[in-house]
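This is a predicted model, with the sequence first.
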Amino acid sequence: MVSEDLERVSADVCLSRGLGRSYGDASLPPEDQPNVLNTRLADRILSFDETSGAFRAESGLSLTELNRLLMPRGYFTPVSPGTSIVTLGGMVAADIHGKNQHKDGNFGDHVTSMKMRVADGSVIECSPTQHPDLFRATIGGMGLTGHILEVEFNLRRIPSQWIWQESRRIRDIDEFQDALEDAATEWPYTMGWIDCLARGKSMGRGIMMTGRWAESAEAPPKPPKKGFQPSLRFDWPSWVLNGLTIRLFNELYYRKQWRRKSSGIVSNQSFTYPLDAIHSWNRMYGRRGFTQYQCVLPREAGRSSAKRVLEVLTSRGGASFLCVIKDFGREGLGVLSFPRPGITLALDIAVRDDTQALVDALNEQVLQEGGRIYLAKDSFTRREHFEAMEGQRLDEFRAIRDRWDPQRRFRSAQSVRLLGD
Ligand SMILES: Cc1cc2nc3c(=O)[nH]c(=O)nc-3n(C[C@H](O)[C@H](O)[C@H](O)COP(=O)(O)OP(=O)(O)OC[C@H]3O[C@@H](n4cnc5c(N)ncnc54)[C@H](O)[C@@H]3O)c2cc1C
């Protein structure tokens with residue numbers, strides 16, 4: 001389906017859906033309006049200026065395809081999430097952030113213009129100067145302001161398809177925050193893995209990864225090869241991932257970094273998209289699946305706020321197989337953009353009977369710290385928690401929606417749960 005077809009689709013069709021890589025219910029339709037408009041076939045590249053990097057494409061273009069076509073020509077997206085299996089529309093709607101958030105902000109900061117189909121059926125262009133309210137509400141607006149048909153942004157020049165990576169073992173959460181802060185002045189890409197089962201003095205121990213594009217002289221002469229991609233073909237039984245196996249995995253992973261520091265050249269694929277190496281990796285969580293809980297804790301909450309949130313997780317026996325830490329440097333452009341200066345924690349949690357209670361407890365702690373959660377990952381937050389976290393930002397978002405979609409034609413299962421749509 002190309003963008004002209006998207007413009008013509010029935011007015012009854014509501015929510016847009018890209019590649020469905022948001023972890024929660026953001027791209028699922030509400031029960032009473034079960035249609036979604038899938039953008040996957042609207043994926044044409046419309047223009048590309050090799051001198052300036054200015055690029056325009058339909059919103060269903062995937063980052064995998066963009067990388068396949070443009071990395072060999074020396075261009076990369078200014079901001080990338082931890083998977084390339086996303087569409088441009090999904091990247092705008094979630095205002096995604098990457099390992100360079102501390103330096104380059106979010107994807108929305110690099111978008112120069114968008115073509116949209118809004119609730120009354122009209123197709124318009126919006127940008128920081130044309131309908132700026134719609135532009136800001138769409139960036140990070142989780143598809144609730146209309147269909148993004150086309151996205152224009154600036155690609156970055158890269159010297160090679162390889163990354164110079166440094167990994168460093170970190171002893172505890174305080175050292176982690178210091179290390180990320182120091183690394184932010186030197187490295188364009190930073191993030192860390194935390195062993196969130198370690199308690200006491202070792203709480204928050206882990207491995208920090210930093211990276212920069214390898215110069216052509218230091219990179220291997222040939223581009224990285226696409227390696228074998230295994231696939232999980234069935235759901236693992238739920239007992240496979242339990243407190244004990246996760247503890248064992250964490251211990252081995254932590255010890256894998258046996259030198260305090262190591263460095264070398266790796267492919268962009270393995271540095272930026274490690275989880276894409278295994279198809280359907282989510283099946284290891286069994287039939288009940290998992291949820292990801294991602295919050296940001298503002299700088300003003302102080303150093304110990306991350307420790308307090310991890311304590312809520314560990315004291316309730318919430319074992320997270322994958323826990324990622326990253327510092328954010330600045331607030332996003334979107335009315336509801338997730339990042340703000342501070343520390344973000346992302347925890348993958350297998351769904352159990354007590355998951356709702358665990359997310360409630362985490363949200364109460366995050367509220368006390370003055371933080372907020374990431375809508376692209378959420379499926380358990382309660383409306384009252386979300387409203388308390390968002391305050392005035394939510395009032396502004398509602399006012400813009402009132403102007404552009406007073407009848408709330410664009411709704412999702414998530415917006416029913418969190419906004420009462
Ligand atoms: C392994 C993995 C790693 C990830 N790492 C990161 C990360 O590092 N940083 C980060 O920020 N996120 C990360 N994410 C989340 C992911 O980047 C976002 O959820 C992104 O929005 C998914 O894009 P999608 O095309 O799959 O969108 P979907 O999941 O299909 O949709 C997401 C939202 O976008 C809306 N939407 C999609 N297309 C359009 C359109 N054309 N018009 C209007 N609205 C639209 C949907 O309605 C929905 O609200 C990760 C996800 C995975 C699975």
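Cool, the structure landed.

of all of the stretch 201-350 of the chain, which residue lies closest to the ligand?
Leu275 (4.1 Å; Cβ to the nearest ligand atom). No exception for glycine: its C-beta is placed from N, CA and C like everyone else's.

residues contacting that residue?
82-83, 281 (Cβ atoms under 8 Å, 6 or more residues apart in numbering).

what do you get for Asp49?
Phe55.

For ChimeraX, write the select line for the buried members of the contacts of Leu275.
Buried residues within the contacts of Leu275, by 16 or more other Cβ atoms under 10 Å, are selected in ChimeraX with:
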select :82,83
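
Same list, the contacts of Leu275, but as TSV with distance to Gly391, pLDDT and secondary structure please.
Shown next, in TSV, are the contacts of Leu275 (distance: Cβ to Cβ, whole Å; pLDDT from 0 to 100; DSSP: H, G, I helix; E, B strand; the rest coil):
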residue	distance to Gly391	pLDDT	secondary structure
Gly82	29	97	coil
Thr83	31	97	coil
Trp281	36	79	helix
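
which among the contacts of Leu275 are in contact with the ligand?
82-83 (Cβ under 6 Å from any ligand atom).

what's the neighbour count on Gln299?
One thing to correct before we go on: residue 299 is Arg, not Gln. Residues lying near Arg299 (other Cβ atoms under 10 Å) number 16.

Closest to Arg247 out of the contacts of Leu275?
Trp281 (19.7 Å; Cβ to Cβ).

Provide a list of residues in contact with that closest one.
Contacts of Trp281 by Cβ under 8 Å, 6+ apart are 232, 275.

Show me the helices in the stretch 151-300 of the chain, by range?
173-186, 243-256, 268-272 (DSSP state H, counting those that start in this stretch).

distance between the shortest one and the chain's centre?
Taking Cα atoms, centre = their mean, to the nearest Å, one finds helix 268-272 lying 16 Å from the centre of the chain it belongs to.

likewise the first one?
Between the centre of helix 173-186 and the centre of its chain there are 21 Å (Cα atoms, centre = their mean).

With only the CA atoms kept, save that helix in PDB.
What follows is helix 173-186 as a C-alpha-only set of coordinates in PDB (Å, rounded to 0.1, in the frame of the first residue of the first chain):
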ATOM      1  CA  ILE A 173      25.100   1.400  40.700                       C
ATOM      2  CA  ASP A 174      27.000   4.500  41.900                       C
ATOM      3  CA  GLU A 175      30.000   3.700  39.900                       C
ATOM      4  CA  PHE A 176      27.700   3.100  36.900                       C
ATOM      5  CA  GLN A 177      26.200   6.500  37.100                       C
ATOM      6  CA  ASP A 178      29.600   8.200  37.400                       C
ATOM      7  CA  ALA A 179      31.000   6.100  34.500                       C
ATOM      8  CA  LEU A 180      28.000   7.000  32.200                       C
ATOM      9  CA  GLU A 181      28.400  10.600  33.100                       C
ATOM     10  CA  ASP A 182      32.200  10.600  32.300                       C
ATOM     11  CA  ALA A 183      31.700   8.500  29.100                       C
ATOM     12  CA  ALA A 184      29.000  11.000  27.900                       C
ATOM     13  CA  THR A 185      31.700  13.700  27.400                       C
ATOM     14  CA  GLU A 186      33.800  11.400  25.200                       C
END
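
Rounded mean pLDDT for that helix, please.
Here helix 173-186 scores 95 as its mean pLDDT.

Just list what it packs against, helices and strands only.
Secondary-structure packing of helix 173-186 (3 or more Cβ pairs under 8 Å, 6 or more residues apart in numbering; DSSP states H and E): strand 162-170, strand 189-194, strand 206-213, helix 305-315, strand 320-328.

Please work out which of those is packed deepest.
strand 189-194 (a mean of 24; mean count of other Cβ atoms under 10 Å).

Going by distance to Asn100, which of the contacts of Leu275 wins?
Distances from Asn100 to the contacts of Leu275, taken by Cβ to Cβ, are shortest for Gly82, at 12.1 Å.

what's near enough to touch the closest one?
Contacts here follow Cβ under 8 Å, 6+ apart; on that basis Gly82 touches 98-99, 272-275.

cool, Ser59 as well?
Ser59 neighbours (Cβ under 8 Å, 6+ apart): 3, 16, 18, 39, 42, 87-89, 92, 147-151.

I'd like to know how many residues surround the residue in the stretch 301-421 of the chain that the ligand sits nearest to.
Nearest residue of the stretch 301-421 of the chain to the ligand, counting by Cβ to the nearest ligand atom: Ala376, 3.6 Å away. For Ala376, the neighbour count with other Cβ under 10 Å is 26.
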